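A.B. asks: Fold the following and give me the result.
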Amino acid sequence: MGHYRSNLRDIAFNLFEAYRTQENYGQGAFAQMDEETARVILAEIDRLARNEWSASFAEADRTPLRLVDGEVALGEGLKRSLDAYYDGGWHLLPLPPRLGGHGAPPSLRWAASELLLGANPTAFFYTTGPLMASVVDHLGTEEQKRRFVAPMIERRWGATMVLTEPDAGSDVGAGVTRAVHVDRDVYHLQGVKRFITSGEADYFENIVHLVLARAEGAPPGTKGLSMFIVPKYLVGDDGSLGERNGVVCTHLETKMGVKGSTTCDLTLGADRPAVGHLVGDVHDGIRQMFLVIEYARMLIGAKAVGTLSTGYLHALEYAKVRQQGPDMLRTLARSRPAASGEPAPKDAAPKVAIIDHPDVRRMLMLQKAYAEGLRALVLFTGWVQDQAELRPDEDEWLRRDDLLLPMVKGYASERAFELLTLSLQVLGGSGYTCDYPIEQYIRDAKIDTVYEGTTGIQALDLFFRKIVRDRGRTLTWLLEEVRDSAKAGVDGDPFAAERDVLGGALEDVQAHVGAMVGFLMAAAERPDEIYKVGLNTNALLDSLSELVIGWLLLRHAEVASAALADAAEPDRSFYAGKIASARFWARTVLPQVGLRRHQAETTDLALMELPATAF
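C.D. replies: Numbering: from 1, shown residues only. Below you'll find the predicted structure:
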């Protein structure tokens, strides 16, 4: 049995019971999809994830990659996993029918991605070729489409997004890689890019890099960046491969996790010209690249959920079989006779499974509630993306997706990493060894809080771009949805207490936002007030995410409660667990929102006024 533990039942609950995604099938962009097909896809992806796909998980981590003359050979196990994925045609799942794909809705695609990312994130990072092909198909010139799109899909080419530079880091606009115009859409690029995920691999006959660079005469900052198609091997008009291009892997990172992914430096134009094609023959790089960035941020949310979920299920499995220590009730009973003068029983208290210990149950329920809550957030965002594809003329759905993405990427990655430490804690010393996969889960998960914009960047984006610049319109929509649920109870409502807590958290989030807007307005007269905003953006990201998850879990509990009466096992236990997660979240997580509100409202500048020497 492989390392991966999937939760296909909860994924199906989200898609088909809570969000009713099947009601969108058979129409518009999803004309080829139906519920039966969707369920078969998930079952087959789940089978793949638990078997051939996950088989190379540990091997890829423990077999060092080597860079030889600009080339990196992947391990045979990893290649077999990729073969199983491509041979099964699963790279076609997200593509529209006109590109030979299955036309799967975003919600279904992200559900499938969770399974694959939880089972083997390293392998999944090598599968972005179809995504990049669809980006070129969407943005490229007709000539670029003819040259690149079909071979990228049909011949399984690799692809990367190439943004970061050694001296720029997260400040993408500080990049200095330059592009010199040669002819028509052709440029020669010069520079060094860093931290390029899966930037080199011998598995692919070609790798297409989408590179941000600054054309001569372009302005500074992100506005001056353009996006270029830079293939590892030059590509002829008919898709045939030519000579080696001047983009070369010159360094492999030695990393904490996802070690089988060739995170590397790419040097462009050192020994030979690095030929790039200006995407769409227009200089609009940062907007174009955001199609890829937003995908990557959503991917990280799905990865976080998949990893936390399998970590939790390992901990649960272990807690049910590991016998250690007596039950606390038995210990209490043994202590009472001595206190009353009666002789204590001489028989040894029997050991119990550690799931019977209160603190272990606390840790397990935290993991369960967060795994289910983060999955609810990711797949709700997928549902919103479904609406955006079905209603391309209604731009509010894109704004709603934009609002949710910092929560999906920033909050999910932080909490998944944190909660995975509890998965390990349940296993005790065994969890710290390589006999169990949780130590690798933790190492592989840490990059999620850094990759594609750190959590601090996600929080700044949430407040300044998704709330302030939007004038709160989309946030108002979201909070109105929460308010409707908080006020939806009737006489005899089994969730009356949870609704009250949700309503209080809603008021706290609104006050938190109000305090930060006040600081921002005050900065017009007292500029250092802007620091108060920066001191509270991460807290706002946490509180808004917890509010939204609390709302979604309450919705899920309502669905589960309605289904519980007629349910038989194992569904009956599943629905009872859904209700327990919602109640636990309301009682344990949502109260933290009020504390953050108080901290925001009483923020001062003492921390910013402290000399650096005092740290």
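A.B. asks: Every contact and neighbour count from this point should use C-alpha atoms.
C.D. replies: Will do.
A.B. asks: and Val180, helix, strand or coil?
C.D. replies: strand (DSSP: H, G, I helix; E, B strand; the rest coil).
A.B. asks: Could you pull up the residues touching it?
C.D. replies: Tyr187, His188, Leu189, Ala215, Glu216 (Cα atoms under 8 Å, 6 or more residues apart in numbering).
A.B. asks: In strands, which of those appear?
C.D. replies: The members of these that map onto strands under DSSP state E are Tyr187, His188, Leu189, Ala215.
A.B. asks: Tell me the bridge partners for the third one.
C.D. replies: Just to be clear, that refers to Leu189. Ala179, Ala274 (DSSP bridges).
A.B. asks: and it, how far is that from His181?
C.D. replies: Going from Leu189 to His181 by Cα to Cα, to the nearest Å gives 9 Å.
A.B. asks: What ranges does the stretch 301-450 of the chain have for its helices?
C.D. replies: 328-339, 358-390, 396-406, 412-427, 438-446 (DSSP state H, counting those that start in this stretch).
A.B. asks: Could you check how far the fourth one is from the centre of its chain?
C.D. replies: The offset between the C-alpha centroid of helix 412-427 and the centroid of the whole chain comes to 15 Å, using Cα atoms, centre = their mean, to the nearest Å.
A.B. asks: cool, the shortest one as well?
C.D. replies: The chain centroid and the centroid of helix 438-446 are separated by 14 Å, computed with Cα atoms, centre = their mean.
A.B. asks: what comes into contact with stretch 474-488?
C.D. replies: Residues contacting stretch 474-488 (Cα under 8 Å, 6+ apart): 396, 399-400, 403, 466-467, 499-500, 502-503, 506, 548, 551, 555.
A.B. asks: in this protein, which residue is closest to the centre?
C.D. replies: Nearest residue to the geometric centre of the chain (Cα atoms, centre = their mean): Gly301, 1.4 Å.
A.B. asks: show me what contacts that residue?
C.D. replies: Contacts of Gly301 by Cα under 8 Å, 6+ apart are Val378, Val408, Lys409, Gly410, Ala412, Ser413.
A.B. asks: Could you pull up the contacting residues of Tyr233?
C.D. replies: Contacts of Tyr233 by Cα under 8 Å, 6+ apart are Asn206, Ile207, Leu241, Gly242, Glu243, Arg244, Asn245.
A.B. asks: and what of Gly199?
C.D. replies: Ala159, Thr160, Ile207, His209, Cys249, Thr262, Thr263, Cys264, Asp265, Leu266.
A.B. asks: Mind doing that once more with 6 Å?
C.D. replies: Neighbour list for Gly199: empty [criterion: Cα atoms under 6 Å, 6 or more residues apart in numbering].
A.B. asks: Helix, strand or coil: sort out the residue nearest to Asp604 when sequence neighbours are not counted for me.
C.D. replies: Of all residues not flanking Asp604 in the chain, Lys532 sits nearest, at 6.9 Å (Cα to Cα, 6 or more residues apart in numbering). Of the three states, Lys532 takes helix according to three-state DSSP.
A.B. asks: can you tell me how far Lys532 sits from Met608?
C.D. replies: 9 Å.
A.B. asks: Okay, buried residues for whichever strand or helix holds Ala557 please.
C.D. replies: Here Ala557 sits within helix 537-564, counting by DSSP states H and E. Judged by neighbour count using 16 or more other Cα atoms under 10 Å, the buried positions of helix 537-564 are 537-561, 563-564.
A.B. asks: helix or strand right after that helix?
C.D. replies: Counting by DSSP H and E, what follows helix 537-564 is helix 571-584.
A.B. asks: hmm, back to that, Pro105 versus the residue nearest to the centre of the chain, what's the distance?
C.D. replies: For Gly301, the distance to Pro105 - Cα to Cα - is 17 Å.
A.B. asks: Could I get the full set of strands for this structure?
C.D. replies: Using DSSP E, strands in the chain cover 67-68, 71-72, 158-162, 178-183, 186-196, 207-215, 225-231, 233-235, 241-244, 247-252, 264-268, 274-278, 323-326, 351-353.
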